[in-house]
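*Asks:* Build me a model:
(one chain, ligands or ions: 2)
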Amino acid sequence: MTLSLIVARSAAGQEPVSFAPPDWDAEVRLASPADRNPDPHIVEVDLTARVAEVAVAPDRRVQAWTYDGGLPGPLIRATAGDRLIVHFRNQLPQPTTVHWHGVRVPIGMDGVPGISQPEVKPGESFVYDFVVRDPGLFWYHPHVMSAAQVGFGLYGALLVEDPAERTTVGVADEVTLVLSDLAADNRGVLEPADSGGSAGMVFGREGAYVLVNGKVRPRIRARAGAPQRWRVVNAAKSRYFYLDLEAQPMQQIGGDGGLQEYAVTRDLVLVAPGERVDLVVTPRGAPGTSLTLRSLLYNRGYGSTEFRVPEDLLTVDLSDAPPLADRPAAVVSRALAPPAAEGAKPLELVLTLPPIDEQGHNEFRVNDVPFWKARPYRAAVGETQLWTVRNDTEWDHPFHLHGFFFTVLDEKNQPVRPLAWKDTVNIPMKTTVRLLVSFDERPGEWMFHCHILDHADGGLMGTVLVGDGEPSAHVHTHTP
Ligand code: C2O
Ligand code: CU
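*Replies:* Numbering: from 1, shown residues only. Ligands and ions are numbered 1, 2, ... in the order given. Predicted structure coming up:
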């Protein structure tokens, strides 16, 4: 009996071998909260939002807003199908909530005050309790004054694993990388979230400290020629990351909603705010040398490339071990079945930034309606819709829909290959993106917005009401 089980297991694939030097990820390893539930299918953790001093560099400490005192917050790990219970406490000086970005939660767990749950006031708590259905790298952040609160440091990663990927992807050395930035002065005091006024809103403020797992330019170690799996999330409130490992090819195997249809090789990988990428990286070079992972300049609108230089993100130190001989690249495949585009109900959204008015007031609009006047768009439970989102502004917008995955379509309404589940997609300036989304059995009023959180604050938001419930009365008072 035992023997046949072992045989069946090895036939399904080899356990992957680790090649990385000992403590290779020590500088970037994320803390995970203790699971206090003995049931193997329930992950039950505590999470407290509070102000804490964090060290972003050896000589730079910042009073940040944190989950559990860390920047980023702890890495919460679960297996697809698990129930996740999070006992959240707010010890911040402001109300907050937790939004589970990309997770198909029931509406009451979506973390949007005035729409899906009350604010969690200072000193109060809330229990988030839901099943994590889908494998993938997700993340959590507040949905109250989010440009400010995310910018101050409130974000963390939620890794939902599919144990089969250990053998199908076959890479033992895996790390989760949370990319972000922080705006603080040289005494470590956070810059106010509204610095820069309405020009700051239009641009989307970036912080001068560029961080990987909360640190300025940390190091990891690798053996030359040995693959590592990097699971990357962009948690910055505005900054794009355009990844370049000294022009070495990287294999992208997945994105927002887990593995994609097949792997593709890329020299550069763009990660817009809110997006995730799943990469197999095989650093090459002479033993004992180093490589630098950089973020190259990416033009997302005026001010994003002028007078700016690429940022160094991470140093990869190659160990003295001889380079590993070339191994076959990971063959990743996943059967994804997006709904049919024929018969999908169309919805057109046009994103604009009208000229500044006489009072100096500036706001983004969706279909020419300011958010404070907007009514929800409607969808039936189980309905498939084809959204055509036209960006008529001079800025890129990472468009995010809560609660549901979508697939991106080309001009002929054919799904873009490789097929992938997305919840956030960059819409370059003056272009149009088509999304096919199937609203499953979870009714409720769900947000969509730009994940440049200053743009969301500036009005680039809306909601879709799934099912025939009443629209929330408070929609127009919501601050993203
Ligand atoms: Cu990360 Cu409303 O989203
Ligand atoms: Cu935007």
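
*Asks:* Any stretches of this structure with poor pLDDT?
*Replies:* 1-13, 473-480 (pLDDT under 70).

*Asks:* Ala325 against Gly225, yeah?
*Replies:* Yes - counting by C-beta atoms under 8 Å, Ala325 touches Gly225, with 6.9 Å between them. Glycine gets a C-beta too; all of them are placed from N, C-alpha and C.

*Asks:* Neighbour count: the two, which is higher?
*Replies:* Neighbours per residue, other C-beta atoms under 10 Å: of Ala325 and Gly225, the larger number sits with Gly225, 19 against 6.

*Asks:* ok, now how distant is the more buried one from Thr282?
*Replies:* Shown here: Gly225 relative to Thr282, a distance of 6 Å by C-beta to C-beta, to the nearest Å.

*Asks:* Helix, strand or coil: sort out Gly200 for me.
*Replies:* State at Gly200, reduced to three classes by DSSP: H, G, I helix; E, B strand; the rest coil: helix.

*Asks:* Give the burial count for Arg327, as a bare number.
*Replies:* Neighbours of Arg327 under the rule other C-beta under 10 Å: 12.

*Asks:* contacting residues for it?
*Replies:* Shown in contact with Arg327 (C-beta atoms under 8 Å, 6 or more residues apart in numbering): 225, 227.

*Asks:* Assign it to helix, strand or coil.
*Replies:* Here Arg327 is recorded as coil under three-state DSSP.

*Asks:* likewise the one 4 residues further on?
*Replies:* Following three-state DSSP, we place Val331 in the coil state.

*Asks:* burial of the residue nearest to Asp194 when sequence neighbours are not counted, as a residue count?
*Replies:* Distances taken as C-beta to C-beta, 6 or more residues apart in numbering place Gly200 nearest to Asp194, at 7.3 Å, with adjacent residues excluded. When counting by other C-beta under 10 Å, one arrives at 17 neighbours for Gly200.

*Asks:* correct me, but Gly200 touches Glu191?
*Replies:* No - under the criterion of C-beta under 8 Å, Gly200 is not in contact with Glu191, lying 10.1 Å apart.

*Asks:* what about stretch 428-439, distance to the chain center?
*Replies:* Its chain's C-alpha centre and that of stretch 428-439 lie 18 Å apart, by C-alpha atoms, centre = their mean, to the nearest Å.

*Asks:* Name the residues of that stretch that are buried.
*Replies:* By neighbour count on 16 or more other C-beta atoms under 10 Å, the buried set for stretch 428-439 is 429, 433-439.

*Asks:* and Gln14, what does it touch?
*Replies:* Gln14 makes contacts with 167, 170, as judged by C-beta under 8 Å, 6+ apart.

*Asks:* Could you check how far it is from His397?
*Replies:* Separation of Gln14 from His397 (C-beta to C-beta) stands at 43 Å.

*Asks:* longest strand anywhere in this protein?
*Replies:* Longest strand in the chain, counting residues (DSSP state E): strand 42-57.

*Asks:* The helix or strand just after it versus strand 42-57: what angle between them?
*Replies:* Once strand 42-57 ends, the next helix or strand along the chain (criterion: DSSP states H and E) is strand 60-67. For strand 60-67 against strand 42-57, the angle by axes from the mean of the first three to the mean of the last three C-alpha atoms, to 10 degrees is 160 degrees.

*Asks:* What's the separation between Arg239 and Ile452?
*Replies:* The value you get for Arg239 to Ile452, if C-beta to C-beta is used, is 9 Å.

*Asks:* quick one: which of the two has more around it?
*Replies:* Taking neighbours as other C-beta under 10 Å, Arg239 and Ile452 compare with Ile452 leading, 32 against 24.

*Asks:* ok and the residue in this structure nearest ligand 1?
*Replies:* Proximity of the chain to ligand 1 (C-beta to the nearest ligand atom) peaks at His101, 3.6 Å away.

*Asks:* I'd say that residue and His143 touch.
*Replies:* No - using C-beta under 8 Å, His101 is not in contact with His143; the gap is 9.5 Å.

*Asks:* Would you mind telling me which of those two has the busier surroundings?
*Replies:* The neighbour comparison of His101 against His143 (other C-beta under 10 Å) goes to His143, with 29 against 25.

*Asks:* quick one: the closest residue to Gln63 other than its chain neighbours from ligand 2, how far?
*Replies:* Closest residue in space to Gln63, ignoring its immediate chain neighbours: Glu53 at 5.6 Å, by C-beta to C-beta, 6+ apart. For Glu53, the distance to ligand 2 equals 32 Å [C-beta to the ion, to the nearest Å].

*Asks:* again, but for Glu306
*Replies:* Distance of Glu306 to ligand 2, computed by C-beta to the ion: 19 Å.

*Asks:* What about that residue, how many residues nearby?
*Replies:* Using other C-beta under 10 Å, Glu306 has 8 other residues around it.

*Asks:* Equivalent analysis for Tyr377, please.
*Replies:* A count of nearby residues for Tyr377, using other C-beta under 10 Å, gives 18.

*Asks:* Then Gln228?
*Replies:* Neighbours of Gln228 under the rule other C-beta under 10 Å: 24.

*Asks:* likewise the one 3 residues further on?
*Replies:* The burial count assigned to Arg231 is 20, neighbours taken as other C-beta under 10 Å.

*Asks:* Same check on Pro113?
*Replies:* Number of residues near Pro113 (other C-beta under 10 Å) recorded here: 20.

*Asks:* what's the spacing between it and Pro95?
*Replies:* Distance, Pro113 to Pro95, by C-beta to C-beta: 7 Å.

*Asks:* Kindly report the same for Pro322.
*Replies:* As judged by C-beta to C-beta, Pro322 and Pro95 stand 56 Å apart.

*Asks:* now swap in Val381 and tell me
*Replies:* Distance, Val381 to Pro95, by C-beta to C-beta: 31 Å.

*Asks:* same check, this time on Pro122
*Replies:* Using C-beta to C-beta, Pro122 is found at 7 Å from Pro95.

*Asks:* quick one: which of those two has more around it?
*Replies:* For Pro122 versus Pro95, neighbours defined as other C-beta under 10 Å are more numerous around Pro95 (17 against 13).

*Asks:* these two touch, right, the more buried one and Gly114?
*Replies:* No - with contacts counted by C-beta under 8 Å, Pro95 stays clear of Gly114, the gap being 11.1 Å.

*Asks:* mind listing what's buried in stretch 195-211?
*Replies:* Buried positions in stretch 195-211, judged by neighbour count with 16+ other C-beta under 10 Å: 196, 200-207, 209-211.

*Asks:* measure stretch 183-190 end to end?
*Replies:* Stretch 183-190 has an end-to-end distance of 6 Å (criterion: C-alpha to C-alpha, to the nearest Å).

*Asks:* Give me the residues contacting it.
*Replies:* With C-beta under 8 Å, 6+ apart as the test, stretch 183-190 has contacts from 53, 56, 60-65, 151-152, 182, 191, 195, 205-209.

*Asks:* cutoff 7 Å now
*Replies:* For stretch 183-190, contacts defined as C-beta atoms under 7 Å, 6 or more residues apart in numbering pick out 60-64, 151-152, 191, 205, 207-209.

*Asks:* Mind listing what's buried along it?
*Replies:* Under 16+ other C-beta under 10 Å, the buried positions of stretch 183-190 are 183-184, 188, 190.

*Asks:* Centre of the chain to that stretch, how far?
*Replies:* For stretch 183-190, the distance to the chain centre is 25 Å (C-alpha atoms, centre = their mean).

*Asks:* so Tyr84 sits right up against Val43, yeah?
*Replies:* Quick fix: residue 84 is Leu, not Tyr. Yes - assessed by C-beta atoms under 7 Å, Leu84 is found in contact with Val43 at 5.1 Å.
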